[in-house]
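Chemist: Coordinates for the following, if possible.
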Amino acid sequence: MSNIRCLRTYRVPDRPSLIWLELETNDGLIGLGETFRGAVSVETCLHEELAPWLLGRDARQIEGISRHLLSPYVGYNSSGVEVRAASAVDIALWDLAGQRQGIPIHEALGGAARASVPVYNTCAGYSFNTSGKRRDIGADDASQGPYDDQVAFMRDAGALARSLLDEGYKAMKIWPFDIYAPASQGQLISLPDLEKGLEPFRKIRDAVGNRIEVMCELHSLFGNHSALRICQALEEYQVFWVEDPLCKMDDAASLSDLRRRTRVQICGSETLGGLRPFRDLLAADALDVVMLDLAWCGGFTEGRKIAALAQAYNRPLAPHDCTGPVTLMAGLQMALHAPTAIYQEVVRATLATWYRDIVTDLPVIQAGMALSTTKSGLGTRLADSFKQRADLVVRETR
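Modeler: Presented below is the predicted three-dimensional model:
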């Protein structure tokens, strides 16, 4: 037996959106999970709602636990607090499963489909929204360091593209249209604003030609009319995909209509929880690329089913991470395993700085590829120095 005997969570004031979870079993193993957004609410859900049911359960019964935690009574078909809490639990359970067998999670899932995974750099800088505040910037904002790529893509996206190519990255993601959404709640984008939003893509192509792939993120900020205008304007720049273009990414009819009216590829969506929204979008022919976030969608148990669905519809898969180091390691495990995975998202600024302060191991990236992991389970754990932080908020339920 491998019964759960302790549920422990960690939070830190400087990353208020993030929460880390450890599940300890009576055979001496500790599984690690993580989720993002509403950390205090997730903490309450984990300890007061889930822990009384989880404690004493056999950690090997992952599918049964997942089905209970994603029951239709709470958090159904969305990435709300309950689903985020369940996602953290599920990631920790799979970490335990890999550790028990002495193999990485991608092997526990059925084995690797590839030895390494291409990565793209999301140009988010050092904090983006992990500080609890969304950071919308312009070209005149002060840079917080050499990898403050969110300032860089607004200031000189061509120079940024050259910098990424020099480090071996062959793909990048930017979001220069976000600052124009608030004025109309995303329902209108003027021609002058459209031209200003296109400028970074123009600079990239002028600077490096087609030597780098460019993704455009729209962060679910736009209505159908403005999203279509942006997508059609981006066609000449050969963007790899436009991500989360519409306000509601579970709106299969609107996404399908948008996809039929533009030549750019539509990617979605990190914001969705559970299997069924992806089924509905794929059945409606509304997506070109399937993106999922394992810390939001229900963990590996739901994630592997979404990956299988993407395979059934012959759609590529791209795990999301712009949040935390455990989610990144989980996404890499899925990208190594899933047959149609094409990219793992990374943020070079966080890889070079505070991710290293949280966990013991991070992906090894060489020439734009994340190499396969070899350690058991997730392949990482919370660093001892992190656990010794004076400002660490720890809560434990036994």
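
Chemist: Okay, strands next: where are they in the stretch 151-300 of the chain?
Modeler: Secondary structure of the stretch 151-300 of the chain by DSSP state E, counting those that start in this stretch: the strands cover 171-174, 213-217, 241-243, 266-268, 289-292.

Chemist: which helices and strands does the last one pack with?
Modeler: Contact here means 3 or more CB pairs under 8 Å, 6 or more residues apart in numbering; DSSP states H and E; on that basis strand 289-292 packs against strand 266-268, helix 276-283, helix 299-312, strand 317-319. All C-beta atoms are positioned from the backbone trio N, CA, C, and that covers glycine.

Chemist: Can I get those in a markdown table including mean neighbour count?
Modeler: Output for those, formatted as a markdown table (neighbours: other CB atoms under 10 Å):
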| stretch | mean neighbour count |
| --- | --- |
| strand 266-268 | 26 |
| helix 276-283 | 19 |
| helix 299-312 | 22 |
| strand 317-319 | 26 |
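
Chemist: Would you mind reformatting those (as a markdown table) and adding columns for distance to residue 371 while you're at it?
Modeler: Below are those laid out as a markdown table (distance: least, CB to CB, whole Å):
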| stretch | distance to residue 371 |
| --- | --- |
| strand 266-268 | 24 |
| helix 276-283 | 28 |
| helix 299-312 | 20 |
| strand 317-319 | 16 |
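
Chemist: Looking at the ones you listed, which is nearest to residue 339?
Modeler: Of all these, it is helix 299-312 that lies closest to residue 339, at 5.1 Å by CB to CB.

Chemist: Tell me which of the helices and strands packed on strand 289-292 approaches residue 185 most closely.
Modeler: Of all the helices and strands packed on strand 289-292, it is strand 266-268 that lies closest to residue 185, at 19.9 Å by CB to CB.

Chemist: on that earlier part again, export the strands of the stretch 151-300 of the chain to CSV and tack on mean pLDDT and distance to residue 205?
Modeler: Listed next are those as CSV, based on pLDDT from 0 to 100; distance: least, CB to CB, whole Å:
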stretch, mean pLDDT, distance to residue 205
strand 171-174, 98, 12
strand 213-217, 98, 8
strand 241-243, 98, 16
strand 266-268, 97, 20
strand 289-292, 98, 21
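
Chemist: now those as a markdown table including distance to residue 97?
Modeler: Formatted as a markdown table, the strands of the stretch 151-300 of the chain follow (distance: least, CB to CB, whole Å):
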| stretch | distance to residue 97 |
| --- | --- |
| strand 171-174 | 32 |
| strand 213-217 | 33 |
| strand 241-243 | 31 |
| strand 266-268 | 29 |
| strand 289-292 | 19 |
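
Chemist: With residue 342 as the reference, name the closest of the ones you listed.
Modeler: Shortest distance between residue 342 and those, using CB to CB, is found for strand 289-292: 7.7 Å.

Chemist: List the contacts of that closest one.
Modeler: Contact with strand 289-292 is made by 241, 243, 265-270, 272, 278, 282, 303, 306-307, 309-310, 315-320, 334, 342, as judged by CB atoms under 8 Å, 6 or more residues apart in numbering.

Chemist: Restricting to C-alpha, output that strand in PDB.
Modeler: The C-alpha trace of strand 289-292 is given here as PDB (Å, rounded to 0.1, in the frame of the first residue of the first chain):
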ATOM      1  CA  VAL A 289      -3.000  23.500 -32.300                       C
ATOM      2  CA  VAL A 290      -4.000  22.100 -28.900                       C
ATOM      3  CA  MET A 291      -2.500  23.900 -25.900                       C
ATOM      4  CA  LEU A 292      -3.000  22.600 -22.400                       C
END
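
Chemist: Low-confidence ranges, this protein, go.
Modeler: Applying pLDDT under 70 to the chain picks out residues 72-78, 129-140.

Chemist: try 80
Modeler: Across the chain, the ranges flagged by pLDDT under 80 are 71-79, 127-143.

Chemist: domains of it?
Modeler: Per automatic domain parsing, the structural domains of the chain span 4-103+382-397, 106-371.

Chemist: Cool, thanks, talk later.
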